[in-house]
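Peer 1: Sequence and computational prediction follow.
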Amino acid sequence: MRRPGTAVYAGLLMGLAAAAACKSSTPVALAPGAVAPATRRAPVTDTYHGTQVVDDYRWLEDWNNPDVRKWTEGQNAYARAILDHLESRDAIHARVAELRSDQAQSYSGLKWRNGKLFALKRQPPKQQPFLIVMDSPAEVTNARTLVDPGFIDPSGGTAIDFYEPSGDGKFIAVSLSKGGSESGDVHVYDATGKEVHEVVPRVQGGTAGGDVAWTVDGTGFFYTRYPHEGEKAPEDLSFYQQIYFHRLGTSVDSDRYELGKDLPKVAEIRLDTHTGLNYVLASVQYGDGGGVEHYLRAPDGKWRRLSTIADQVSKAQFGPNKDLYLVSKKDAPRGKILRMPLAAERLDAAETVIPEGEDVIEADFWEADPSPVIANSRLWVPYQAGGPMNLKSFDLGGRPQAGPPVPPISTILEITRMGDDVLSLNVSYTTPPAWYRLSLRDAKLEKTALASPAPFTFDDAEVIRDFATSRDGVRIPYIVIRPRGSAGKNLPMVVTGYGRYGVSETPFYNRLVRLLLDQGVGYVETVLRGGGEFGEAWHEQGKLTKKQNVFDDFAAVLKQLIDRRDTSAERLAIMGGSNGGLLMGATFTQHPELIRAVVSSVGIYDMLRVERSPNGEFNVPEFGTVKDPNLFTALYGYSPYHHVRDRAPYPAILFLTGANDPRVDPMQSRKMTARLQASGTTRPVLLRTSGNSGHGIGTPLDERIEQDTDIYSFLFHELGVTFQPPIGQ
């Protein structure tokens with residue numbers, strides 16, 4: 001859902017000189033003779049609660065239809081006829097490849113087991129991250145590669161979805177999937193990197209994800225299991241996730257069912273094991289953005305429910321003793337931390353150890369997001385402060401302790417325990433990701449060797465946090481990264497946003513922002529309702545019947561940038577993906593006059609049909625369902641596909657999708673493209689479908705470079721930016 005040169009150059013074309021070099025001009029004609037393929041209309045009428053809705057392009061939903069595949073090929077050919085002939089495309093490709101493919105390694109997903117530190121390492125020009133192991137962060141140069149998807153599949157199409165080492169570090173369970181599908185089988189490797197034992201199929205999916213948790217003795221693991229063929233109807237094979245147990249050295253057919261038959265169709269499960277006791281924790285989310293319940297398996301093998309959705313416990317983890325620590329939002333929308341004994345039968349036995357504060361406790365359902373960590377009799381709690389983050393320390397009784405300072409306008413991407421120490425992955429808009437070791441001695445962050453070097457600086461740029469006022473008076477934060485001294489100078493700008501699931505938009509180091517700044521283009525990130533930057537109340541104000549608030553928030557930022565002459569409508573582009581693609585569609589259908597160009601990736605546009613796709617049903621808790629009259633009215637009220645107007649002055653639009661996307665059905669992009677091309681809009685509407693990718697997760701490096709080249713060639717062309725290679729390229 002979100003988400004980088006070997007040449008070192010002496011100077012950068014920035015400031016007024018760069019601004020002068022990219023003055024807006026009338027874009028040249030787009031590939032004379034290139035014509036969008038004709039799309040036949042085949043109207044289908046649905047009636048929702050007395051409202052008739054006509055869908056002219058329902059036929060484009062069926063990917064198994066040869067006509068749909070032929071239509072997609074025609075759209076790709078049309079897009080290529082335009083994108084391949086844009087000015088400076090070759091130079092832009094070279095610069096993107098340099099920024100994406102330099103030797104600046106990065107590390108993520110750190111896990112400490114029995115004196116060994118495991119990590120996923122990204123090392124261009126390798127196409128995919130690979131699994132390594134080392135003795136400590138200081139020993140990274142001696143790290144050994146355990147699992148390299150590029151060795152398994154030289155095409156670059158195989159990716160690691162997740163991995164989990166056993167408690168003793170002797171075995172590692174690794175989920176591998178192909179082609180961006182995120183549909184993964186779990187393979188088991190030993191400490192030398194040799195594949196051993198059986199392959200466990202259908203553990204990971206692009207809808208509910210997947211997970212494993214090892215037994216304390218390392219002889220087997222609990223895992224999430226999707227239905228196998230014949231167990232459910234074909235259309236239900238991406239639902240009904242359950243928990244099973246596999247013992248190493250035995251047939252998968254004999255695996256033992258544990259939990260899940262009574263869980264909802266859209267259950268999403270995360271698993272954890274107590275490192276010293278035979279307890280297993282299962283956290284179950286009811287669809288994307290829905291409520292969470294927690295279940296505990298005792299050493300006697302019996303499961304019991306610890307909390308219900310009404311308890312609003314977003315995260316639970318084992319403590320150092322026979323207890324659990326839980327983050328609850330009940331009567332505390334910014335979060336509080338509870339502690340309860342493992343033996344307790346009910347959540348009523350929990351006590352509050354850290355009450356709700358001014359900032360928001362960061363503790364999402366997903367494992368990859370930062371959450372409180374317990375180490376050396378301390379609670380290390382990441383807090384969200386409206387986008388930027390900070391880190392606070394408490395003793396196990398909740399009393400504040402001295403904590404390390406976190407740089408301003410920065411974030412914590414991950415935080416994990418390493419023995420008695422804590423490792424934190426920190427990043428900002430202008431400093432690349434680096435893992436820091438928390439020193440309990442002097443409460444300082446000590447940078448480790450697990451860091452991405454900075455191939456350039458942002459000394460010529462300024463990072464500004466500002467606020468716009470939305471239509472209902474709510475203040476909306478946004479971050480601007482631009483050349484120093486360029487406020488009010490009508491720069492070309494690219495604005496992005498998300499606003500969904502309670503997911504926080506935090507500072508992130510994006511190498512391609514350098515690509516924009518080098519051309520005198522500003523970059524803006526918005527903090528919209530629907531996210532989690534200000535707690536659950538902020539999330540609630542941007543979901544279900546209140547989703548329009550998100551679009552109003554985004555439009556308020558665009559209008560303020562224009563009113564202040566930081567940019568103008570003719571020099572303004574917007575860019576987003578997934579739910580951010582919905583944001584793009586709603587913005588250009590509601591406010592086409594505000595923007596010149598749009599890049600929308602793997603987006604959602606037909607809100608009346610989204611829940612009919614496998615992953616769409618998981619989104620019902622966030623978006624709602626057409627089965628409910630009030631929710632239908634809200635969905636139909638902003639659905640971009642249903643608000644395309646004939647002969648409206650829409651901006652130039654580039655849609656991107658992946659043929660293997662398990663999260664957002666590519667038919668969304670197909671139908672929206674067809675409707676816009678038929679609207680009579682005079683600017684280009686392009687659809688680029690990648691056959692070797694999905695939602696973006698697991699996309700090979702070479703394909704990322706090609707996608708980025710198309711995106712920035714398109715944006716620079718539409719914004720009238722004359723590309724100037726940086727000095728030294």
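Peer 2: That came through fine. Residues are numbered from 1 along each chain as shown.
Peer 1: mind listing what residue 635 touches?
Peer 2: 607-608, 623-624, 626 (CB atoms under 8 Å, 6 or more residues apart in numbering). In short, each C-beta sits where N, CA and C put it, glycine included.
Peer 1: again, 10 Å this time
Peer 2: By CB atoms under 10 Å, 6 or more residues apart in numbering, the contact list for residue 635 reads 48, 544-545, 547, 606-608, 610-611, 623-626, 628, 642.
Peer 1: got it, and residue 127?
Peer 2: Residues counted as contacts of residue 127 (CB under 10 Å, 6+ apart) are 149-150, 153-159, 698-704.
Peer 1: again, but for residue 72
Peer 2: Residue 72 neighbours (CB under 10 Å, 6+ apart): 37, 60, 63, 657, 659, 666, 669-670, 673, 687, 689, 691.
Peer 1: Turn the residues you listed into CSV, including pLDDT and distance to residue 220.
Peer 2: Below are those laid out as CSV (pLDDT from 0 to 100; distance: CB to CB, whole Å):
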residue, pLDDT, distance to residue 220
37, 88, 54
60, 97, 46
63, 91, 38
657, 93, 39
659, 83, 36
666, 91, 38
669, 95, 42
670, 95, 44
673, 98, 48
687, 97, 47
689, 93, 42
691, 78, 38
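Peer 1: which among the residues you listed end up buried?
Peer 2: 37, 60, 657, 659, 666, 669-670, 673, 687, 689 (16 or more other CB atoms under 10 Å).
Peer 1: What does residue 620 show for phi and psi?
Peer 2: phi -60, psi -40 (degrees, to the nearest 10).
Peer 1: right, I mislabeled it, should have said residue 310
Peer 2: Backbone geometry at residue 310, expressed as degrees, to the nearest 10, gives phi -60, psi -20.
Peer 1: gap between it and residue 433?
Peer 2: Distance of residue 310 to residue 433, given as CB to CB, to the nearest Å: 38 Å.
Peer 1: and those two? which has more neighbours close in?
Peer 2: Neighbour totals were compared for residue 310 and residue 433, and residue 433 leads with 21 against 10 (other CB atoms under 10 Å).
Peer 1: any weak-confidence spans in this structure?
Peer 2: 1-33, 102-103, 366-369, 440-443, 727-729 (pLDDT under 70).
Peer 1: How is it divided into domains?
Peer 2: 69-99+456-718, 363-453 (automatic domain parsing).
Peer 1: tell me how far the ends of the shortest one are from each other?
Peer 2: Spelled out, that is domain 363-453. Domain 363-453 has an end-to-end distance of 29 Å (criterion: CA to CA, to the nearest Å).
Peer 1: if I read this right, residue 152 contacts residue 193, doesn't it?
Peer 2: No: assessed by CB atoms under 10 Å, residue 152 is found out of contact with residue 193, at 11.3 Å.
Peer 1: so who does residue 196 touch?
Peer 2: Residue 196 sits next to 170-171, 187-190, 248-249 when contact means CB under 10 Å, 6+ apart.
Peer 1: Could you dump those into TSV with secondary structure and neighbour count added?
Peer 2: Shown next, in TSV, are the contacts of residue 196 (DSSP: H, G, I helix; E, B strand; the rest coil; neighbours: other CB atoms under 10 Å):
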residue	secondary structure	neighbour count
170	coil	15
171	strand	22
187	strand	20
188	strand	20
189	strand	19
190	strand	15
248	coil	17
249	coil	10
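Peer 1: Quickly name whichever of those residues is closest to residue 177.
Peer 2: residue 187 (11.2 Å; CB to CB).
Peer 1: Please name the bridge partners of that closest one.
Peer 2: Following DSSP bridges, residue 187 is listed with bridge partners residue 174.
Peer 1: coming back round to it: out of the buried ones among the contacts of residue 72, list just those in strands.
Peer 2: Among these, the members falling in strands (DSSP state E) are 657, 687, 689.
Peer 1: Could you give the bridge partners of the last one?
Peer 2: In other words, residue 689. residue 657.
Peer 1: where exactly do the helices run in the stretch 51-200 of the chain?
Peer 2: Using DSSP state H, counting those that start in this stretch, the helices assigned to the stretch 51-200 of the chain run over residues 66-83, 89-101, 149-152.
Peer 1: which of the ones you listed is buried the deepest?
Peer 2: helix 89-101 (a mean of 19; mean count of other CB atoms under 10 Å).
Peer 1: Give the other helices and strands that that helix contacts.
Peer 2: Counting contacts by 3 or more CB pairs under 10 Å, 6 or more residues apart in numbering; DSSP states H and E, helix 89-101 packs against helix 511-517, helix 701-718.
Peer 1: what about stretch 520-533, distance to the chain center?
Peer 2: How far stretch 520-533 lies from its chain's middle: 14 Å, per CA atoms, centre = their mean, to the nearest Å.
Peer 1: picking that back up, just send the contacts of residue 196 back as JSON lines, with distance to residue 78 too.
Peer 2: JSON lines is the format used below for the contacts of residue 196 (distance: CB to CB, whole Å):
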{"residue": "170", "distance to residue 78": "54"}
{"residue": "171", "distance to residue 78": "50"}
{"residue": "187", "distance to residue 78": "41"}
{"residue": "188", "distance to residue 78": "46"}
{"residue": "189", "distance to residue 78": "45"}
{"residue": "190", "distance to residue 78": "51"}
{"residue": "248", "distance to residue 78": "52"}
{"residue": "249", "distance to residue 78": "55"}
